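My questions concern the predicted model and sequence given below.
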There are 2 protein chains.
Amino acid sequence: MSIANLRQPVTLSAWARLFAPIGPQLAEVERRLQAELRHSDPFVDELAQRSFNLGGKRLRPALLLLTASALGDVNDAHLTLAAVVEMIHTATLVHDDVIDEADIRRHKETINARWSNQTSILLGDYLFTHAFYLASSLDTTFGCRTLGRATNIVCEGELLQTAASGDFELSCQQYYRIINAKTAELCACCCALGAHYAEGDQHTVSRFDSFGKHIGMAFQIADDLLDLTGEEHAVGKSLGTDLTKRRMTLPLILLRDQLPQPQQCELHALFELPSQASRTALLDWLKQAGILGLAREEALVHASRAAEQLEFLPDTPAKKSLLQLSQAAVSRCV
Amino acid sequence: MSIANLRQPVTLSAWARLFAPIGPQLAEVERRLQAELRHSDPFVDELAQRSFNLGGKRLRPALLLLTASALGDVNDAHLTLAAVVEMIHTATLVHDDVIDEADIRRHKETINARWSNQTSILLGDYLFTHAFYLASSLDTTFGCRTLGRATNIVCEGELLQTAASGDFELSCQQYYRIINAKTAELCACCCALGAHYAEGDQHTVSRFDSFGKHIGMAFQIADDLLDLTGEEHAVGKSLGTDLTKRRMTLPLILLRDQLPQPQQCELHALFELPSQASRTALLDWLKQAGILGLAREEALVHASRAAEQLEFLPDTPAKKSLLQLSQAAVSRCV
């Protein structure tokens, strides 16, 4: 598959086909999410319903439910937790859109664009706290603890990313630390919760945790590529944000590290003054230097490692979906 | 006590004297808070430590611990939950300062002023999620559930406040609904948790919940008065925010409702164009119309109702502190 395919995002219906083995359960999660987010006040209700439509493909609930299905039956705790993880993810999206000053998400105006930053901050908080409230309806504190820890690490990752903004010297290791925290951790948490509540033993839970971590890394590397190479109207969200926010992502890091000193300075200059022109120049440079392929290879390595974690499982439709998902993470084409 | 006293905030050491019956336990909560907020990354560590110093008087942990002490001994669950409620309160303060565009809190630069709005949003999220993680270290989900529900209502209150911004027609009832949610709910939650984890029966928990609710209302009405009448250098935080954000608070609502139509229009005009001059003019108007005294009376009614809830308790130093606290809420002088 050529790099060009990275510019073609997977449609929602293609994701839905991929999630077919847990279709009815995912529909039930949608119903629960929508019901949970109803509110007697019309303003809060409108915001909550709007946020419900922000998330899109429901990757995190799907990871949790597919894990459960690969190990047995999806139960009520899984359904609750699937709604919880989507609510947490949506909370982070709503806050991310303020931080990134993004106007578009899923082809729609973001909350900050339609209302205000203030409203977005409070709506994100509302979703976070509602998610924890819902998680505490389970029998034990395990769900709250696992989610609390993972979500805290997500915030840590976002803080580290903010601190690294403008740092042209960011190392590959630091980049991986950031995306591991801000993205991979919650995916790992979804899979670990799915396995734990399917009564998986410690080894099984740990395998799924690892699967989630690698698939999360693959997704984020692909997302970072898409932010450079994608087209807004096709992807349906604000792009070029990493450059605007002067964030070094994998393609730029790989390019920088293979350049001789004088050209590094040239790259640094482009990085310091982000514009549409510098984005275009960078993209040409990345293509000529073969960096897009290299970064994609990195994402594929994580997709393969994710797949390896599931070798111990018997073949089921859910396992097949999880394996396809690890490929789709990178290609964004099912 | 004259209205003038409202302009003199209670010093931190005066609060500490008021909290004397739980002094050692409050010191232990400080140690736990500080230890919980250490981080291996220097940037996250600096932010977390800074946030630790933002909260000030530790009202919410004190409410929880004084309740526990009034009913028996303070136990380990109380200490954990006291750290949790302070962390949640700090998270809301960090986000409030972004929303209010405030530069000063506790005589120090706010996180948004020192770093950025982005950093503040993420730090608030970090504190929220860390608080829930800590709450989930308890044996049962009761703490998480109670805190999740209360914190969700706090966010709801803040959202309603945002929606009401600029609404000159806001009714007294709507104002009370907002402050009940955004402030009183968390105070009630602190007292209810203190009582529940002291093995108080349902009646006792409900009495303390009611005590917390009324003391929270008294505090917020007094805060809203202080926002109009206080002086920044004395209070140590950005003031006049309600006017700048065009929020109708109790004094303005009471004034509006007693004015004939033409003067209501005059008040509306002042409200629409907030400035230092209009703040001064409003303050004179409020004084002449005797509104400051009326609003203070309302706060005193809540302080008295709070005190009534504790009549069933035997006399102890903790009970005495709680009663003094309900007075201090209004007078801000111990």
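Right, received. Where do you want to start? Residues are numbered from 1 along each chain as shown, chains lettered A, B, ... in the order given.

Verify the stated contact: residue A:23 with residue A:13.
No. At 11.9 Å, residue A:23 does not count as touching residue A:13 under the criterion of C-beta atoms under 8 Å. Any C-beta I mention is one placed from the backbone N, CA and C, and that applies to glycine too.

More neighbours: these two, which one.
A direct count of neighbours by other C-beta atoms under 10 Å in any protein chain shown for residue A:23 and residue A:13 places residue A:23 higher, at 13 against 9.

Phi, psi for the more buried one please.
phi -50, psi -50 (degrees, to the nearest 10).

repeat for residue A:174
Dihedral angles (degrees, to the nearest 10) for residue A:174: phi -70, psi -40.

Leaving aside the residues adjacent along the chain, what's closest to it?
residue A:164 (6.5 Å; C-beta to C-beta, 6 or more residues apart in numbering or on different chains).

tell me how far stretch A:94-102 is from the chain's mean position?
Remark: stretch A:94-102 is offset 14 Å from the chain centroid, using C-alpha atoms, centre = their mean, to the nearest Å.

quick one: is that stretch near chain B?
Yes. Contact of stretch A:94-102 with chain B (C-beta under 8 Å from any C-beta of the partner chain) involves A:95, A:98-99.

top of those residues by neighbour count?
Neighbour-wise, the residues of stretch A:94-102 next to chain B (other C-beta under 10 Å) top out at residue A:95, 28 neighbours.

Tell me the pLDDT of the spatially most distant residue from the centre of chain A.
When distances to the mean C-alpha position of chain A are computed (C-alpha atoms, centre = their mean), the maximum falls on residue A:262, with 35.7 Å. For residue A:262, the pLDDT comes out at 95.

Give the phi and psi angles for it, as a check.
phi -60, psi -40.

next one: residue A:245
phi -90, psi 10.

Now for it, how many residues are close by?
When neighbours are counted by other C-beta under 10 Å, residue A:245 registers 16.

where does residue A:56 fall, helix, sheet strand or coil?
coil (DSSP: H, G, I helix; E, B strand; the rest coil).

Where in chain A is the helix or strand with the lowest mean pLDDT?
helix A:232-235 (a mean of 60; mean pLDDT, DSSP states H and E).

Beyond that one, next helix or strand please.
Following helix A:232-235 in sequence order, the next helix or strand is helix A:241-244 (DSSP states H and E).

right, is that next one up against chain B?
No. Helix A:241-244 lies out of reach of chain B by C-beta under 8 Å from any C-beta, never closer than 12.3 Å.

Name the residues of that helix that are buried.
A:241-244 (16 or more other C-beta atoms under 10 Å in any protein chain shown).

and it, what does it pack onto?
helix A:202-229, helix A:276-288 (3 or more C-beta pairs under 8 Å, 6 or more residues apart in numbering or on different chains; DSSP states H and E).

Out of the ones you listed, the one nearest chain B is which?
Shortest distance between chain B and the helices and strands packed on helix A:241-244, using C-beta to the nearest C-beta, is found for helix A:202-229: 17.0 Å.

Could you name the helices and strands sitting against the closest one?
Using 3+ C-beta pairs under 8 Å, 6+ apart: helix A:202-229 touches helix A:59-71, helix A:172-179, helix A:185-196, helix A:241-244, helix A:250-258, helix A:276-288, helix A:291-309, helix A:317-331.

what sits up against the shortest one?
In this structure, residues lying in contact with helix A:241-244 by C-beta atoms under 8 Å, 6 or more residues apart in numbering or on different chains are A:100-102, A:224, A:227-228, A:247, A:249, A:271, A:274, A:278-279, A:282.

Mind telling me which residue is nearest the centre of chain A?
By C-alpha atoms, centre = their mean, the most central residue of chain A is residue A:183, 5.3 Å off.

Give me the secondary structure label for that residue.
Secondary structure of residue A:183, per three-state DSSP, is helix.

Residue B:90 versus that one, what's the distance?
Taking C-beta to C-beta, to the nearest Å as the measure, residue A:183 falls 26 Å from residue B:90.
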